[in-house]
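*Asks:* The sequence and its predicted three-dimensional model are supplied below.
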Amino acid sequence: MRAGRAAGIAGAAGAILPDVPAIAGTAYYIGPSFLREGWSSMDSEKVVEAIYVSGPFGSTGVALHSAVPPLALLLLYVIFDLGRRDRRRILLWFLFGWLGHAVADFLTHADNARPLFWPLSDWTWASPVSYYDPLHYGKEFFLISHVLIFLMMAALLVRWIRSRNKNPTETSSKNP
């Protein structure tokens, strides 16, 4: 199934969605204090707690990091045959991006896991791999993920260069 550019952008937007509350919370809690007083004004534990747990952005982040909402919406997508109306599959790829983020976080959060099946369950799993913590293979994860990103970018660049070389410039056929 070829998604197209719009569907790819929708998938990326869906993948970013779960982190929007943390980004907003960071701007809200850290931004003004940092601009006024710098890092010395920060009680980092309280700020992190407010951003990810106790503040208004924390509960929204828990809901968006759950696999339940995108799975429920995917189920409704199938039940109501929304593929008929979503011809470019933009909504479908948005939901896949969202679900992919939840699954990736589930697999790479060792000590700050969120409940994957919230609100159905508060169960969390501490992954043996962390995307940042060196005590849980964070350095190795960083290296591997960035090598893969580099390889994907190189492959896309090669593909782009080849596609440009396949489209010959139009030449005019002038017969004398």
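*Replies:* Yep, it's here. Since this is a predicted model, take the numbers as computed values, not measurements.

*Asks:* What ranges does the chain have for its helices?
*Replies:* 5-16, 20-29, 31-37, 44-49, 56-65, 68-79, 90-108, 138-166 (DSSP state H).

*Asks:* Minimum distance to Arg114: which of the ones you listed has it?
*Replies:* Arg114 sits nearest to helix 56-65 of all the helices of the chain, at 4.3 Å, using C-beta to C-beta. Every residue, glycine included, has its C-beta placed from N, CA and C.

*Asks:* re the thing from before, would you turn the helices of the chain into JSON lines with mean neighbour count?
*Replies:* Below are those laid out as JSON lines (neighbours: other C-beta atoms under 10 Å):
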{"stretch": "helix 5-16", "mean neighbour count": "16"}
{"stretch": "helix 20-29", "mean neighbour count": "17"}
{"stretch": "helix 31-37", "mean neighbour count": "11"}
{"stretch": "helix 44-49", "mean neighbour count": "13"}
{"stretch": "helix 56-65", "mean neighbour count": "18"}
{"stretch": "helix 68-79", "mean neighbour count": "15"}
{"stretch": "helix 90-108", "mean neighbour count": "19"}
{"stretch": "helix 138-166", "mean neighbour count": "11"}
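
*Asks:* To Tyr132, which of the ones you listed lies closest?
*Replies:* helix 138-166 (4.7 Å).

*Asks:* Just list what that closest one packs against, helices and strands only.
*Replies:* Counting contacts by 3 or more C-beta pairs under 8 Å, 6 or more residues apart in numbering; DSSP states H and E, helix 138-166 is packed against no other helix or strand.

*Asks:* quick one: that helix to helix 90-108, angle?
*Replies:* Angle of helix 138-166 versus helix 90-108, following axes from the mean of the first three to the mean of the last three C-alpha atoms, to 10 degrees, is 150 degrees.

*Asks:* what about helix 138-166, distance to the chain center?
*Replies:* Mean C-alpha position of helix 138-166 versus that of the full chain (C-alpha atoms, centre = their mean, to the nearest Å) differs by 18 Å.

*Asks:* Give me the helix or strand of this structure that scores worst on average pLDDT.
*Replies:* helix 31-37 (a mean of 76; mean pLDDT, DSSP states H and E).
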